[in-house]
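>>> quick one: sequence plus predicted model below, questions after.
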Amino acid sequence: YRKHEWDKHGTCAATLEVLNSQKKYFGKAIELYQHIDLNGCLLKAGIKPSSSYYKMTAIKEALTRFYGVTPKIQCLPPEEGEKAQTIGQIEFCFTKELQLVNCTALEGGSNPMQAHLKLGTSELSVCNDTLPTYYPSEVQ
């Protein structure tokens, strides 16, 4: 997994001094991950991993209010006979200077490969704002 991430994203990041080795790249990723503290932010908004459902708009608003930027949230569609989608991935976007930036600002030039990330067997896709949303405890 690490090799794949490095080959796909890291070799591009390696043009930057702060990210020019695998150690720096993954170290910085962990640092940013801890700094962002998604679970902590969502908890403050009363949204916790659980069996109850949330509105996607409430989740988006909480994240946008907290971080000042719009993340990209991807979901697994409802299972057969279910009504709720499940959050599969929450992506934050950074400039080359590692400042948070709206993910929507990158749509035009973003890497189309991102649409094919998988969690388990299902394809992830952009979450539907109108479906009830399940927030599992192991979101990446």
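Yes, it's here.
>>> make it CA atoms for all contacts and neighbour counts henceforth
Will do.
>>> can you give me the strands in this protein?
Using DSSP state E, the strands of the chain run over 53-55, 72-76, 85-91, 93-94, 100-101, 118-119, 122-123, 125-126, 132-134.
>>> any idea how far the residue in the chain sticking out farthest from the centre lies from residue 124?
Going by CA atoms, centre = their mean, the residue of the chain most distant from its centre is residue 81, 26.3 Å out. Distance of residue 81 to residue 124, given as CA to CA, to the nearest Å: 18 Å.
>>> surely residue 92 meets residue 72?
Yes. Taking CA atoms under 8 Å as the definition, residue 92 is a contact partner of residue 72 at 6.4 Å.
>>> can you list the buried residues in stretch 88-104?
Neighbour-count burial for stretch 88-104, counted by 16 or more other CA atoms under 10 Å, picks out 88-89, 92-93, 100-103.
>>> and that stretch, what's its mean pLDDT?
What stretch 88-104 shows for mean pLDDT is 86.
>>> distance of the nearest residue to residue 95 once chain neighbours are set aside from residue 75?
Counting by CA to CA, 6 or more residues apart in numbering, residue 95 lies nearest to residue 101, which is 6.4 Å off, once chain neighbours are set aside. To residue 75, residue 101 is 21 Å away according to CA to CA.
>>> do the same with residue 49
According to CA to CA, residue 49 and residue 75 sit 15 Å apart.
>>> which of these two has more neighbours?
Neighbour tally, residue 49 and residue 75, criterion other CA atoms under 10 Å: the higher count belongs to residue 75, 23 against 15.
>>> pull the helix or strand with minimum mean pLDDT from the chain.
Between all helices and strands in the chain, the lowest mean by mean pLDDT, DSSP states H and E belongs to strand 118-119, at a mean of 48.
>>> rewinding a little: I'd like the strands of the chain laid out as JSON lines, including distance to residue 16.
Converted to JSON lines, the strands of the chain look like this (distance: least, CA to CA, whole Å):
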{"stretch": "strand 53-55", "distance to residue 16": "38"}
{"stretch": "strand 72-76", "distance to residue 16": "24"}
{"stretch": "strand 85-91", "distance to residue 16": "21"}
{"stretch": "strand 93-94", "distance to residue 16": "13"}
{"stretch": "strand 100-101", "distance to residue 16": "17"}
{"stretch": "strand 118-119", "distance to residue 16": "28"}
{"stretch": "strand 122-123", "distance to residue 16": "31"}
{"stretch": "strand 125-126", "distance to residue 16": "30"}
{"stretch": "strand 132-134", "distance to residue 16": "37"}
